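In: Pasting the sequence and the predicted coordinates here, then a few questions.
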Amino acid sequence: MIIELKMPVLGLTMEQATIIEWVKAEGDRVEVDEAVLVVETDKAATDVPSPAAGILGRILAPAGAEIPVGVAIAFLVESEADLAALPAAHMAATAAPAAGPAPALAPPPLAEPKNGDGHRPAPRERIFASPRARLKASALGVDLATVAYRGDRIVEADVLRAAATAGPVGGVRLTPLAVRLAAELGIDLADIEGAPGVRIKAADLLAAASRAEASARTAAVAPTPDLGYGTGEIRPLNRVRRITAERMTYNWQTAPQVTYTSRVDMTKAIALRAELKDIAEARGTRLSYDAMFVRAVATALLEFPQVNAKWAEGEGIRLSTEAHVGVAVDLTDGLIVPVIRNAHVRSLLDISAELGRLVTAAREGKLGPDDYKGGTFTISNLGSFGIEAFTPIVNLPEAAILGIGAIVPTATYGDDGNLVRRDLATLSLTADHRSVDGGPAARFLNRVVKLMEAPILLIERGL
């Protein structure tokens, strides 16, 4: 028996992944669910398990290759006889490319963009495309209305294929890899010169970039006026930083976002955390304020479904009956948002233990694909950095995100008119105004405040 090992889908927004290393070599025996290779997605480095027991017969894509999902990257066989029986033609037809967006397997025919009547849509009709496809189309100057695609929306690979097929100007054509490199090197396709009918390859672009770099170094030797900007290192973007930048830009430019702020009295929450310290440690966890906010947010989300929602492009607003709360984790070169699933039915210390596991795994690059997908709401806490208030950006397609500031000792007037110390923090709720209006957003934020100011409500389900 011969089994194709394909690049799996490891996240809702994943379109391709980079192979970091092969854990197994050709000829090694593997068991079911045993790690065969490690890939890097837009979220984290992830092990890819074997779908069956057998022998890793042939590796089709080397380490460093960026492969679209669904493309064959290796063959698994049951025996040496199966390995010898692999047809050479089949091997050549299914081998994944070392780089580039085009799938290596023979794909189904491309579908022209069409409406319900089977015709190309009018120029202003809604076009369904992934966020990365829209960003890439903008960078390459590709009109999405002209892009052929398969599936229910245009993805980045379709845009790259369209750019490679059409060529920039004058009939000049580029290979798909050349198009990708042009985008990564910041080369305007309209500036690429070539003979009509001759395909410009990646090597041509690399050579042009090398010449431009050499020219820039030569020019830098000449005296230039001091404009006061100084000099510094240019650090290339790694995959996590690049995807973070792309997603943040898309989120900010796509949704009309409004931020609502309120102060929360954390005095009782601090006291409760201190009381539960020994109990939490006995259960092998450390109760954090983030865990308390996750519990409060999960309760409020079920009471205000408008906030516990996602914008479904072309369909409407999808309300969720479950609270899956993501918590932003700061990494060296970007952000990642692991998700605490079903936070609305978990106890406070259970949430604390799960949050501790996710944060550790995120910083060690060991999150699994199920650890960061399916979120319905996100919280981001910068209080530990001393930041008192900020305006977080909504993690689309979610409807809102809660920013948590530092706890600041503050003198306030008590009920008797005397000054008393209170530990206050500023909460900032940013909402996608397409999904959530000001009233529901304000009522949700007020509910979170009341839950945190009466934290005994957080342990109604026990510890």
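Out: Happy to help now that I have it.

In: Now for residue 396, how many residues are close by?
Out: 22 (other C-beta atoms under 10 Å). From N, CA and C alone the C-beta is placed, and that goes for glycine too.

In: And it, how close does it get to residue 75?
Out: Residue 396 sits 38 Å away from residue 75, going by C-beta to C-beta, to the nearest Å.

In: Between the two ends of stretch 141-154, how far is it?
Out: 15 Å (C-alpha to C-alpha, to the nearest Å).

In: Let me fix that, I meant to ask about stretch 401-417.
Out: 36 Å.

In: Please apply the same query to stretch 265-280.
Out: Using C-alpha to C-alpha, the two ends of stretch 265-280 sit 23 Å apart.

In: what comes up buried for it?
Out: 265-267, 269, 272-273, 276, 280 (16 or more other C-beta atoms under 10 Å).

In: Of those residues, which belong to strands?
Out: residue 265 (DSSP state E).

In: Most distant residue from the centre of the protein?
Out: Most distant from the centre of the chain: residue 416, at 50.4 Å, with distances by C-alpha atoms, centre = their mean.

In: Next, that one: phi, psi?
Out: phi -90, psi 0 (degrees, to the nearest 10).

In: same check, this time on residue 411
Out: phi -80, psi 120.

In: Next, count neighbours for it.
Out: Neighbours of residue 411 (other C-beta under 10 Å): 8.

In: That one contacts residue 419, doesn't it?
Out: Yes. If you go by C-beta atoms under 8 Å, residue 411 and residue 419 touch, sitting 5.0 Å apart.

In: so what's residue 49 bridging to?
Out: residue 35 (DSSP bridges).

In: Spell out the residue ranges of the strands in the stretch 1-150 of the chain.
Out: With DSSP state E, counting those that start in this stretch, the ranges of strands along the stretch 1-150 of the chain come out as 2-6, 16-22, 29-30, 35-40, 45-49, 54-59, 66-68, 72-77.

In: surely residue 302 meets residue 323?
Out: Yes. The pair residue 302 and residue 323 passes the contact test of C-beta under 8 Å, sitting 6.1 Å apart.

In: between those two, which one's more packed in?
Out: More crowded of residue 302 and residue 323, by other C-beta under 10 Å: residue 323, with 24 against 14.

In: I'd assumed residue 303 was in contact with that one.
Out: No. With contact defined as C-beta under 8 Å, residue 323 does not count as touching residue 303 (10.3 Å).

In: circling back: give me the local confidence score for the residue farthest from the centre of the chain.
Out: Note on residue 416: pLDDT of 87.

In: how near is it to residue 409?
Out: 20 Å.

In: likewise residue 375?
Out: Residue 375 is 33 Å from residue 409, by C-beta to C-beta.

In: Who has more neighbours out of those two?
Out: More crowded of residue 375 and residue 409, by other C-beta under 10 Å: residue 375, with 21 against 9.

In: now the more buried one, nearest residue through space, not along the chain?
Out: residue 326 (3.7 Å; C-beta to C-beta, 6 or more residues apart in numbering).

In: which residues touch the one you found?
Out: Counting by C-beta atoms under 8 Å, 6 or more residues apart in numbering, residue 326 touches 337-340, 372, 375, 377-379, 395, 398.

In: same thing but 10 Å
Out: 294, 336-341, 343, 358, 372-380, 395, 398, 401 (C-beta atoms under 10 Å, 6 or more residues apart in numbering).

In: Tell me the secondary structure at residue 290.
Out: helix (DSSP: H, G, I helix; E, B strand; the rest coil).

In: Show me what the nearest residue to residue 405 once chain neighbours are set aside is bridged to.
Out: Sequence neighbours aside, residue 426 is the residue nearest to residue 405 in space, at 4.1 Å (criterion: C-beta to C-beta, 6+ apart). Beta-bridge partners of residue 426, counted by DSSP bridges, are residue 263.

In: Equivalent analysis for the one 4 residues further on, please.
Out: Residue 430 has these beta-bridge partners by DSSP bridges: residue 259, residue 401.

In: do you know how far it is from residue 421?
Out: Distance, residue 430 to residue 421, by C-beta to C-beta: 30 Å.

In: Settle it for me: which of these two has more neighbours?
Out: When neighbours are counted by other C-beta under 10 Å, residue 430 and residue 421 differ, and residue 430 comes out ahead with 26 against 11.

In: just to revisit the earlier point, out of the strands of the stretch 1-150 of the chain, the one nearest residue 238 is which?
Out: Evaluated over the strands of the stretch 1-150 of the chain, closeness to residue 238 peaks at strand 35-40, with 8.9 Å, by C-beta to C-beta.
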